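**Q** with the sequence up front, the predicted model follows.
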Amino acid sequence: MAKKKTIGVGIIGCGNICQAYFNGVKAFEVLRMVSCADINMKAARAKAQENGCKAETVKELLANKEVDLVINLTVPAVHAEVSLAALKAGKHVHCEKPLAVSLKDGKAVMDLATKKGLLVGCAPDTFMGAGLQTSRKLIDDGWIGRVVGGTVFLMSRGPESWHPNPAFFYKAGAGPMFDMGPYYITALVHLLGPVKSVSAITSRAFESRTATCKEHFGEQLPVSVPTHYTGSLEFHSGATVTATISFDVHRHGHSPIELYGTEGSLKVPDPNKFGGSVELFSAVAKEWQTQALSHPYADNMRGIGAADLAYAILGKRKHRASGDLAYHVLEVMHAFEKSSNAKKHVMIESKPDRPAAIPLGLIHGRLDN
Ligand SMILES: NC(=O)c1ccc[n+]([C@@H]2O[C@H](COP(=O)([O-])OP(=O)(O)OC[C@H]3O[C@@H](n4cnc5c(N)ncnc54)[C@H](O)[C@@H]3O)[C@@H](O)[C@H]2O)c1
């Protein structure tokens with residue numbers, strides 16, 4: 001029998017973000033779109049028609065032998081439930097962030113995958129884009145020496161002015177850390193390796209917030225999660241990074257990520273995007289210099305993580321946006337509140353491998369290294 005060369009994809013969850021994934025699947029030759037599903041069949045049918053694939057119920061998609069990999073784009077509250085169902089059906093899974101809401105559910109997903117001999121990948125995959133890969137190359141090539149410190153700032157006044165359904169952002173499983181934190185913490189682990197401990201204080205500025213989006217204008221949104229997180233991350237590498245992640249701030253003037261090394265400093269672009277400007281201050285040049293991007297994928301390429309996972313399924317190598325990495329990020333995010341509540345440093349138990357850097361010179365649409 002001829003060896004399989006492509007991986008059949010089924011998308012579950014046809015909401016806001018799914019079109020970016022349909023585009024991503026089309027961009028990589030290793031992925032083949034089979035079908036899509038949603039509890040809202042109207043949404044699934046519309047996306048199937050737009051993208052030239054089959055619309056199925058979740059049950060049909062999970063029974064479809066053409067589907068090797070399920071891309072789970074449902075809401076965070078059901079990520080674990082949908083991923084577990086896909087694994088039980090013998091499918092590999094790539095899930096949107098976070099891997100799960102609770103650590104217990106995240107572990108259940110990873111344990112079942114191991115038991116079934118299946119692979120789990122998880123967003124964000126933005127760290128595989130041009131901005132973060134260029135930053136990684138500069139660090140790995142020694143341009144700033146040994147990284148000793150850094151800062152992360154993700155601060156905004158929250159999504160209730162623009163998001164059509166903002167209430168869930170202030171409930172368990174969301175807030176600024178679980179919604180946006182995965183981008184920043186994943187980027188740091190990609191650049192510096194795994195986190196050893198977290199020491200943090202969390203707070204909330206408002207017990208209730210007023211929606212100003214047109215769909216829910218004037219409605220009160222009760223807040224049941226912290227909305228301002230500030231803390232320090234200690235990495236196994238020895239680096240320490242100060243992070244503030246907040247939905248309580250109108251404006252600020254900080255870079256998203258700065259890293260400070262023994263030989264220079266690096267301004268890393270926003271890891272919520274694929275491209276961006278990378279700036280290097282080297283002790284030799286003695287000024288900030290914008291760097292040419294060394295890697296491709298500067299535009300939205302959500303799905304690159306699923307393509308990378310497909311090569312791992314085909315037995316080529318380990319995937320980068322892995323479930324192990326996402327579980328570690330989930331543990332770190334939970335550690336902020338745990339540390340704040342206990343008024344103690346929290347040691348992180350998981351210690352995934354730092355994902356491999358993407359080599360230079362790959363053909364667009366292929367990630368076979
Ligand atoms: N919207 C964005 O800009 C964005 C960006 C990056 C990541 N994400 C992440 O992507 C995921 C989806 O976000 P979204 O904005 O597309 O949400 P959404 O609410 O627009 O879409 C989610 C879809 O999942 C479906 N769904 C819910 N439960 C289901 C179930 N049990 N089985 C099948 N379908 C189910 C819903 O009917 C809906 O169509 C989230 O994890 C989010 O954090 C979203």
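**A** Yes, it's here. Residues are numbered from 1 along each chain as shown.
**Q** for the residue nearest the centre of the chain, give its distance to Gly303.
**A** Geometric centre of the chain, nearest residue: Pro124, 1.8 Å, by Cα atoms, centre = their mean. Distance check for Pro124 against Gly303: by Cβ to Cβ, to the nearest Å, it reads 12 Å. For the C-beta atoms, the positions are set from N, CA and C on the backbone; glycine is no exception.
**Q** tell me the secondary structure at Leu221.
**A** At Leu221 the chain is in strand, as set by DSSP: H, G, I helix; E, B strand; the rest coil.
**Q** run a quick neighbour tally on the nearest residue to it once chain neighbours are set aside.
**A** Sequence neighbours aside, Arg209 is the residue nearest to Leu221 in space, at 4.7 Å (criterion: Cβ to Cβ, 6 or more residues apart in numbering). For Arg209, the count of nearby residues is 23 (other Cβ atoms under 10 Å).
**Q** now do the contacts for Gly90.
**A** Contact analysis of Gly90 by Cβ atoms under 8 Å, 6 or more residues apart in numbering lists Lys116, Leu118.
**Q** list phi and psi for the residue nearest to the centre of the chain.
**A** Per-residue torsions, Pro124: phi -80, psi 150 (degrees, to the nearest 10).
**Q** from memory it sits against Tyr183, does it?
**A** Yes: using Cβ atoms under 8 Å, Pro124 is in contact with Tyr183, at 5.0 Å.
**Q** need the residues touching each of the two.
**A** Shared contacts of Pro124 and Tyr183 (Cβ under 8 Å, 6+ apart): Lys97, Pro271, Asn272.
**Q** quick one: which of these is most hemmed in?
**A** Ranked by neighbour count (other Cβ under 10 Å), the shared contacts of Pro124 and Tyr183 have Pro271 at the top, with 28 neighbours.
**Q** per-residue confidence for the closest residue to the ligand within the stretch 51-200 of the chain?
**A** Residue nearest to the ligand within the stretch 51-200 of the chain (Cβ to the nearest ligand atom): Glu96, separated by 3.6 Å. Looking at Glu96, its pLDDT reads 96.
**Q** from the stretch 201-350 of the chain, which residue is nearest to the ligand?
**A** Arg302 (7.1 Å).
**Q** with the chain instead?
**A** Counting by Cβ to the nearest ligand atom, the chain gets nearest the ligand through Gly15, at 1.7 Å.
**Q** is that residue part of a helix or strand, or is it coil?
**A** Gly15 ends up coil, using three-state DSSP.
**Q** I'd guessed it sits against Pro76; true?
**A** No: applying Cβ under 8 Å as the test, Gly15 and Pro76 come out as separate, 11.9 Å apart.
**Q** quick one, domains of the protein?
**A** Per automatic domain parsing, the domain ranges recorded for the chain read 7-122, 131-296+328-347.
**Q** fine, thanks again, bye for now.
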